[in-house]
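Q: Can you look at this prediction? I've put the sequence above it.
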Amino acid sequence: MTAARRAAEACEIVDVGPGQCELRGEMTFTTAARLLRQLESRLRSTSTPRFELGLGGVTRSDSAGLAMLIECVAIARGLGRELRVRNLPSAIADIARISELDSFLAQLLLPAATAPTPGQG
């Protein structure tokens with residue numbers, strides 16, 4: 001098994017309540033497409049107007065993870081839903097800041113997650 005395949009299999013999305021899930025594992029180029037498909041499925045199947053995505057279990061992230069979040073926002077908005085994020089990994093926050101997307105991401109953060117989780121990224 002290749003390292004990329006192991007990484008892709010090491011990520012998962014866990015439902016924690018109606019319109020709420022937690023992402024665990026890597027949020028990287030290797031896993032982003034798979035995670036996006038799974039998140040889109042959850043966004044389409046929920047009846048709640050607000051969808052909360054917890055990122056406290058993310059062990060590694062890169063620019064593909066940020067792109068995945070942006071695409072999730074677009075999908076949610078297209079479905080008439082609001083996407084909110086908890087525990088944004090510091091690597092994603094750093095990439096967003098460099099890309100001048102930090103104000104965009106700040107709109108997604110839940111009040112309890114106004115700062116990136118230390119040590120993640």
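A: Arrived safely, thanks for sending.
Q: ok, longest helix in this structure?
A: Longest helix in the chain by number of residues, with DSSP state H as the criterion: helix 63-78.
Q: So what's the gap between that one and the chain middle?
A: The chain centre lies 8 Å from the centre of helix 63-78; the measure is Cα atoms, centre = their mean, to the nearest Å.
Q: And that helix, what does it pack against?
A: When contacts are defined as 3 or more Cβ pairs under 8 Å, 6 or more residues apart in numbering; DSSP states H and E, helix 63-78 packs onto strand 20-27, helix 32-45, strand 50-61, strand 82-86, helix 90-98. Heads up, the C-betas are built off the backbone N, CA and C, glycines and all.
Q: Show residues contacting the third one.
A: In other words, strand 50-61. Residues outside strand 50-61 that contact it (Cβ atoms under 8 Å, 6 or more residues apart in numbering): 14, 16, 19-28, 39, 42-43, 65, 72, 76, 81-89, 91-92, 110, 117, 120-121.
Q: Give me the buried subset of these.
A: Buried members of these, counted by 16 or more other Cβ atoms under 10 Å: 19-28, 39, 42-43, 65, 72, 76, 81-89, 91-92, 117, 120-121.
Q: measure the residue nearest to the spatial centre of the chain to residue 21 for me?
A: Most central in the chain under Cα atoms, centre = their mean is residue 69, positioned 5.0 Å from the mean C-alpha point. Look at residue 69 and residue 21: by Cβ to Cβ, to the nearest Å, they are 13 Å apart.
Q: So the residue nearest to the centre of the chain sits against residue 108, correct?
A: Yes - with contact defined as Cβ atoms under 8 Å, residue 69 and residue 108 form a contacting pair (7.4 Å).
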